[in-house]
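Q: what follows is a predicted structure for the sequence shown.
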Amino acid sequence: MLDKHHRPLQPCAPARARKLLKKGRAVVHRHTPFVIRLKDRTAATSKVDGVEVGIDPGSKHTGIAVFTAAQGERRARYAVQLDHRGATIRKKLEQRAAYRRGRRSRNLRYRKPRFNNRTRSKGWLAPTLQHRVATTMSWTNRLARWAPVRAVHVERAAFDTHAISAGKPLEGVEYQHGTLHGTEVRGYLLAKFGHACVYCGITNVPLNIDHVQPRSRGGSDRISNLVPACIPCNEAKSNRPVEEFAPKRAADILRRAKAPLRDAAAVNSTRWTLWRALDAMLPTHTASGGRTKWNRTRWGLSKSHTLDALAVGKLDSITEIVTRVLVAGCTGRGTHARTRTDKHGFPRLRMPRQKTFFGYTTGDLVRAVVPTGKKAGTHTGRVAVRATGSFNITTTNGTVQGIRHTHVRLLQRADGYAYTTQPEQLRAAAR
């Protein structure tokens, strides 16, 4: 809630917001998240106790909770689950690299490779990791504009797997070097498993490097997913999981080659960068994942990113929880390229130079009221525009195609996110 000068006030209940709007004392400032602006009050004449923000960083999802804290008692006011798009970024970067590599290898004019002539600043993070930090900071900044945020509580990793194996604190790109950066991986595996096939135990034969969890099924090249295997076993296993190929020895093999921790490594890589950025904006307090779990289980809450964000840090009690969670999925703001390519990287169609048609842009949140016809009814969602004026609207129930622009009314401009809501599982299941 904002005052008439757009300064944040203490959040209010939905029922009070409806009364203020009905009496004409407030107007809708933003549709999603829902923010109202009072027309007859200022922050100087109002009592503003302030709120605090809890953040539970994750590899795929980040939980954010806005709550009031008084004498160790927390009352939740709002919850956001931020869905990252790191997998999409990685796919696009690999696709771009493949296009450029293909152009250089074809019988075309020579293009000098430029992948190895760029310098990276100290503390550089991969685009997928930088995206997680940037989106989390963006939402913290947004909430600070709409609510009187006084402090931030952020959870750091529950345990530092990489630093334990390295024997020293690691930071930033050091996490991306791997546990055996600068050493011979094959020699390490042969020494670790006694120069024997991990599946049949044969020795004194040529050995290949096999993936315990096949790469085609989500396995990685991390050292914990690699084992030596003789040629017959390697060919017989093919792309099957170890549980299917060697069910009797699967438990022992998995014990000797511990499971990869890709998601934990992603969180560890960004934790210090995120903490420094948050601390530069607002007073920031850190806590371990173990304390968060203890707080959550003590009050019987289920496991979710938003409830973890509510339980971060030092507290005495949690007396109020939200029942609906806003899910903000990162979609991006489109692309600058106006040419679509085929699978070989050659142009196949050209898109219009402008992105706005009839006052609307793809990604805008709109509401269409169609009076008659097969599509009669009210449709609310993200719009995909066309130059012909026939729009598509993606709602929670699917996509409605062919809506005329004359039936559409703008609710909110596109901001790079797709919004949905989901219920919060309040209490943990009985054991």
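A: Received the coordinates, thanks.
Q: CA atoms for contacts and neighbours, from now on please.
A: Fine.
Q: who touches Phe358 in this structure?
A: Gly389, His405 (Cα atoms under 8 Å, 6 or more residues apart in numbering).
Q: tell me how far Glu155 lies from Val327.
A: Glu155 sits 20 Å away from Val327 when distances are taken as Cα to Cα, to the nearest Å.
Q: ok, these two, which is more surrounded?
A: Comparing Glu155 with Val327 by neighbour count (other Cα atoms under 10 Å), the higher total belongs to Glu155, at 25 against 19.
Q: tell me how far that one lies from Ser220.
A: Distance, Glu155 to Ser220, by Cα to Cα: 26 Å.
Q: what about the residue nearest to His131 when sequence neighbours are not counted, how many residues nearby?
A: Leaving aside its sequence neighbours, His131 sits nearest to Gly86 (Cα to Cα, 6 or more residues apart in numbering; 7.0 Å). The tally of other residues near Gly86 (other Cα under 10 Å) stands at 18.
Q: just give the closest residue to Lys60, not the sequence neighbours.
A: Nearest residue to Lys60, sequence neighbours excluded (Cα to Cα, 6+ apart): His84, at 5.4 Å.
Q: and the pLDDT at His211?
A: For His211, the model assigns a pLDDT of 90.
Q: and if you look at the one 4 residues further on?
A: If you check Arg215, the pLDDT there is 85.
Q: and it, how far from Asp40?
A: 61 Å.
Q: ranges for the helices of the stretch 251-400 of the chain?
A: In the stretch 251-400 of the chain, the segments counted as helices under DSSP state H, counting those that start in this stretch are 262-281, 289-298, 305-310.
Q: return the most buried member of the ones you listed.
A: Highest mean neighbour count of the helices of the stretch 251-400 of the chain: helix 305-310, a mean of 27 (counted as mean count of other Cα atoms under 10 Å).
Q: from the rest of the structure, what touches that helix?
A: The set of residues external to helix 305-310 that reach it, using Cα under 8 Å, 6+ apart, is 54-56, 58, 61-67, 76, 79-81, 154-155, 292-293, 296, 301, 325.
Q: neighbours of Leu326, just the number please.
A: 20.
Q: check contacts around it.
A: Contact partners of Leu326, counting by Cα under 8 Å, 6+ apart, are Pro33, Ala79, Val80, Gln81, Tyr419, Thr420, Thr421, Gln422.
Q: ok, the residue nearest to Lys60 to Ala134 distance?
A: 10 Å.
Q: and these two? which has more neighbours close in?
A: Taking other Cα under 10 Å, His84 and Ala134 do not tie; His84 has more neighbours (23 against 13).
Q: can you pull out the strands in the stretch 301-431 of the chain?
A: In the stretch 301-431 of the chain, strands defined by DSSP state E, counting those that start in this stretch lie at 317-320, 324-330, 339-341, 347-350, 356-357, 360-361, 365-370, 377-384, 390-395, 398-404, 408-412, 417-423, listed in chain order.
Q: wait, which of those strands is closest to Glu94?
A: Nearest to Glu94, of all those, is strand 339-341, at 14.8 Å by Cα to Cα.
Q: spit out the contact partners of Ala26.
A: Contacts of Ala26 by Cα under 8 Å, 6+ apart are Leu20, Ile36, Arg37, Leu38, Lys39.
Q: from the residues you listed, which land in helices?
A: Taking DSSP state H, the ones among these that sit in helices are Leu20.
Q: ok, so of the contacts of Ala26, who is nearest Glu94?
A: Of the contacts of Ala26, the one sitting nearest to Glu94 (Cα to Cα) turns out to be Ile36, at 42.8 Å.
Q: my read: the closest one touches Arg18, true?
A: No: assessed by Cα atoms under 8 Å, Ile36 is found out of contact with Arg18, at 9.7 Å.
Q: which one of the two has more residues nearby?
A: Between Ile36 and Arg18, counting by other Cα under 10 Å, Ile36 is the more crowded of the two (24 against 13).
Q: what pLDDT does Val173 get?
A: If you check Val173, the pLDDT there is 54.
Q: how about the residue nearest the centre of the chain, phi and psi?
A: Nearest to the mean C-alpha position of the chain, by Cα atoms, centre = their mean, lies His84 at 2.1 Å. Per-residue torsions, His84: phi -80, psi 160 (degrees, to the nearest 10).
Q: can you tell me what sits against stretch 69-84?
A: Against stretch 69-84 from outside (Cα under 8 Å, 6+ apart): 11, 51-52, 59-68, 131-132, 135-136, 305-306, 310, 314-322, 324-330.
Q: just how off-centre is it within its chain?
A: Remark: stretch 69-84 is offset 18 Å from the chain centroid, using Cα atoms, centre = their mean, to the nearest Å.
Q: could you give me the average pLDDT of it?
A: Regarding stretch 69-84, the rounded mean pLDDT is 94.
Q: same question, stretch 422-431
A: 64.
Q: same question, stretch 153-164
A: The model assigns stretch 153-164 a mean pLDDT of 63.
Q: next: stretch 352-365.
A: Stretch 352-365 carries an average pLDDT of 93.
Q: how about that stretch: buried residues?
A: Neighbour-count burial for stretch 352-365, counted by 16 or more other Cα atoms under 10 Å, picks out Tyr360, Thr361, Thr362, Gly363, Asp364, Leu365.
Q: for the nearest residue to Gln10 once chain neighbours are set aside, list the residues it contacts.
A: Nearest in space to Gln10, with sequence neighbours left out and distances taken as Cα to Cα, 6+ apart, is Val48 at 5.4 Å. Listed by Cα under 8 Å, 6+ apart, the contact set of Val48 reads Leu9, Gln10, Pro148.
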